[in-house]
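Novice: Pasting the sequence and the predicted model now:
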Amino acid sequence: MTDALTALEARVRDDLYKTAHPNMPWLKPKQGANGQPALDVLVVGAGQSGLAIGFGLLRSQVTNFVVLDKAEEGQEGPWLTYARMPTLRSPKHFTGPDLDIPSLTYQSWHEASFGRANWEQLDRIPRGHWFDYLTWFRRMVDVPVRNGCDVLDIAPAENGLLAAIVQSASGTETLYARKIVLATGQEGMGNWIMPEPLRHLPSSLCVTGNQPVDFAALRGKRVVVIGAGASAFDNAATALEAGAEVHLLCRRAEVQTVQPYHWLTFRGFLRHFSDLDDAWRWRFMKTVLEMREGFPQPTWDRCARHAGFHLHEGSPVESARQVGDAVALQTPTGVYEADFVICGTGIAMDFAGRRELQNCAGNIARWNDRYLPPEDERNARLGEFPYLADDYALTERVKGETPWIADIHLFAIASSMSFGASGSSINAMTTAVPKLVQGLTRGFFRADIEDHWCSFQAYDVKQAKMTRPA
């Protein structure tokens, strides 16, 4: 460890000490079945959002919580698995899980690790450095994380609690919690989309962009990438760099190059978008999500520098058939043969596909249950997004059937229609995480208001002794 990093860590500890007020404990322990202690919050997902939420809870004196992640330590999030870009797409100065503590920012860590001059010369943050920073951040804020834990089921329990069935290497256990936060990033409330014409193909020939790919084995092969968002281009570039010939099929007449998330990165939008009425929220996010995530110039250059890269616009896949060990894809612009197909086509809202939500999937309200947009603004896919309460909680489609889902809070890409950039965006973290944490603590305070009143009534600590001179 460098002397600069040692000094930075001392500064972090000092900053956290100086900004700890008020630090009085305020939540009383609850019990689940058979007297088992209950958590105040169970956070599912220990990626960048889960860590930031944990940090926010600690700063709000909510200490009785745990963050679970199904991955082993060092494999959380997409950074070392299916993220295939060399650098983050966000500008380097965007802050994130630090929650506005300057010593905890990525910039502070980078300068301490590599020097200020290196930071000044840096264009975008290397993906591996971002993961190293998150590892350091987790250690510095001391968020309680349990790795290798997969949440199988969530159900209501007695005493107003939720019961989560958790599987790990040591077996299956039940954890009780007052509130559960699903900080599950890109997956959130659904599964990765495999376009219908390709669903019959074996995984040896066709995968979604989050699945493992042996890119080295694609050298000299014909690869088709379906989709034209940033992650599709990242997969195309990785295949090209491995020596493959790549055809990227874009269903649009022109590939999307504008990045709408850069426009909306201002305090007013990030902080107050969720305060708008449904009509304005729908209008904005429909436009943003239909544009998809544009890619920066280096992403295009990474593909375009290869002679084996071919972009085909206006080419949605109409049908696909297996031909021996290859695939033939029919599009309006012709037939494309591939030895391997990668689908970078996003996430579907498929509540029933989330096994942890099997007890309530059918009664989770969607946007199309709550809002009917004008005919020229309708979009069936976006209407499938969950319609969330102002504290990120799931809401009921039919009131009274599953009231307990008001204690399940969603902080993932599926939160976008209700909250804008939030659960999977670095640029929104400093406003979105505090909004979520304030929603959680507001719920606790309101639920316990009678206890707080009794405590206040019993409070008799005197500030001074009223003695008079003889």
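Specialist: That came through fine. Residues are numbered from 1 along each chain as shown.
Novice: make it CA atoms for all contacts and neighbour counts henceforth
Specialist: Will do.
Novice: Just the helices from the stretch 351-470 of the chain, written as ranges.
Specialist: For the stretch 351-470 of the chain, the helices defined by DSSP state H, counting those that start in this stretch cover 367-370, 380-383, 416-419, 429-447, 449-458.
Novice: Just confirm residue 422 contacts residue 430, I think it does.
Specialist: No - at 9.4 Å, residue 422 does not count as touching residue 430 under the criterion of C-alpha atoms under 8 Å.
Novice: Which one's more surrounded, the two?
Specialist: residue 422 (28 against 23; other C-alpha atoms under 10 Å).
Novice: Quick check: phi and psi on the more buried one?
Specialist: When quoted as degrees, to the nearest 10, the phi and psi of residue 422 stand at phi -150, psi -80.
Novice: where does the stretch 201-350 of the chain have low pLDDT?
Specialist: Applying pLDDT under 70 to the stretch 201-350 of the chain flags residues 292-294.
Novice: Bridged to the most centrally placed residue in the chain, which residues?
Specialist: Centroid-nearest residue in the chain: residue 185, 2.3 Å away (criterion: C-alpha atoms, centre = their mean). For residue 185, the beta-bridge partners are residue 412 (DSSP bridges).
Novice: Report the contact partners of it.
Specialist: Residues near residue 185 by C-alpha atoms under 8 Å, 6 or more residues apart in numbering: 45, 47, 49, 77, 411, 412, 413, 423, 424.
Novice: Pick the one among those residues closest to residue 283.
Specialist: Nearest to residue 283 among the contacts of residue 185 is residue 413, at 17.6 Å by C-alpha to C-alpha.
Novice: Counting neighbours, what do you get for that closest one?
Specialist: 24.
Novice: pLDDT wise, what is it at?
Specialist: Per-residue confidence at residue 413 stands at 91 (pLDDT).
Novice: I figured it was touching residue 191, is that so?
Specialist: No - counting by C-alpha under 8 Å, residue 191 is not a contact partner of residue 413; they are 11.6 Å apart.
Novice: Could you report the neighbour count for the closest residue to residue 116 other than its chain neighbours?
Specialist: What sits nearest to residue 116 in space, not counting adjacent residues and going by C-alpha to C-alpha, 6 or more residues apart in numbering, is residue 110, at 7.9 Å. By other C-alpha under 10 Å, the residues close to residue 110 number 20.
Novice: Quick check: pLDDT value at residue 110.
Specialist: The confidence metric pLDDT takes the value 98 at residue 110.
Novice: Within the helices and strands, which one has it?
Specialist: If you go by DSSP states H and E, residue 110 is part of helix 106-114.
Novice: In the following helix or strand past that helix, which residues are buried?
Specialist: Downstream of helix 106-114, the next assigned helix or strand under DSSP H and E is helix 116-121. The neighbour-count check on helix 116-121 (16 or more other C-alpha atoms under 10 Å) flags residue 119 as buried.
Novice: now the angle from the very next helix or strand once past helix 116-121 to helix 106-114?
Specialist: Sequence-wise, the next helix or strand downstream of helix 116-121 (DSSP H and E) is helix 127-141. Using axes from the mean of the first three to the mean of the last three C-alpha atoms, to 10 degrees, the inter-axis angle of helix 127-141 relative to helix 106-114 is 100 degrees.
Novice: other SSEs contacting the helix or strand just after helix 127-141?
Specialist: Once helix 127-141 ends, the next helix or strand along the chain (criterion: DSSP H and E) is strand 145-147. Packing contacts for strand 145-147, counted by 3 or more C-alpha pairs under 8 Å, 6 or more residues apart in numbering; DSSP states H and E, involve strand 65-69.
Novice: The strand it packs on - which strands sit beside it in the sheet, and in what orientation?
Specialist: In the sheet, strand 65-69 lines up with strand 37-44 (parallel), strand 145-147 (parallel) (DSSP bridges).
Novice: Format these as CSV; extra columns: mean neighbour count, distance to residue 455 and mean pLDDT.
Specialist: Below are the strands paired with strand 65-69 laid out as CSV (neighbours: other C-alpha atoms under 10 Å; distance: least, C-alpha to C-alpha, whole Å; pLDDT from 0 to 100):
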stretch, mean neighbour count, distance to residue 455, mean pLDDT
strand 37-44, 23, 20, 98
strand 145-147, 19, 32, 98
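Novice: Would you mind measuring the gap between the ends of stretch 304-324?
Specialist: Start and end residues of stretch 304-324 are separated by 30 Å (C-alpha to C-alpha, to the nearest Å).
Novice: now do stretch 425-434
Specialist: Stretch 425-434 end-to-end distance (C-alpha to C-alpha) = 14 Å.
Novice: Which of the helices of the stretch 351-470 of the chain sits closest to residue 72?
Specialist: Nearest of the helices of the stretch 351-470 of the chain (C-alpha to C-alpha): helix 429-447, 24.1 Å.
Novice: got the angle between that closest one and helix 449-458?
Specialist: Using the same axes, to 10 degrees: helix 429-447 against helix 449-458 is 70 degrees.
Novice: give me phi/psi at the closest residue to residue 312 other than its chain neighbours?
Specialist: Leaving aside its sequence neighbours, residue 312 sits nearest to residue 249 (C-alpha to C-alpha, 6+ apart; 5.1 Å). Main-chain torsions, residue 249, degrees, to the nearest 10: phi -100, psi 120.
Novice: just checking, residue 249 touches residue 318?
Specialist: No - between residue 249 and residue 318 there is no contact under C-alpha under 8 Å: 11.5 Å.
Novice: For residue 47, see how far away residue 426 is.
Specialist: Separation of residue 426 from residue 47 (C-alpha to C-alpha): 12 Å.
Novice: Who has more neighbours out of the two?
Specialist: Taking other C-alpha under 10 Å, residue 426 and residue 47 do not tie; residue 47 has more neighbours (25 against 19).
Novice: got the contact list for the more buried one?
Specialist: Shown in contact with residue 47 (C-alpha under 8 Å, 6+ apart): 69, 76, 77, 183, 184, 185.
Novice: By neighbours, which of these wins?
Specialist: The most crowded member of the contacts of residue 47, judged by other C-alpha under 10 Å, is residue 183 (29 neighbours).
Novice: ok but it is inside a strand, no?
Specialist: Yes - judged by DSSP: H, G, I helix; E, B strand; the rest coil, residue 183 forms part of a strand.
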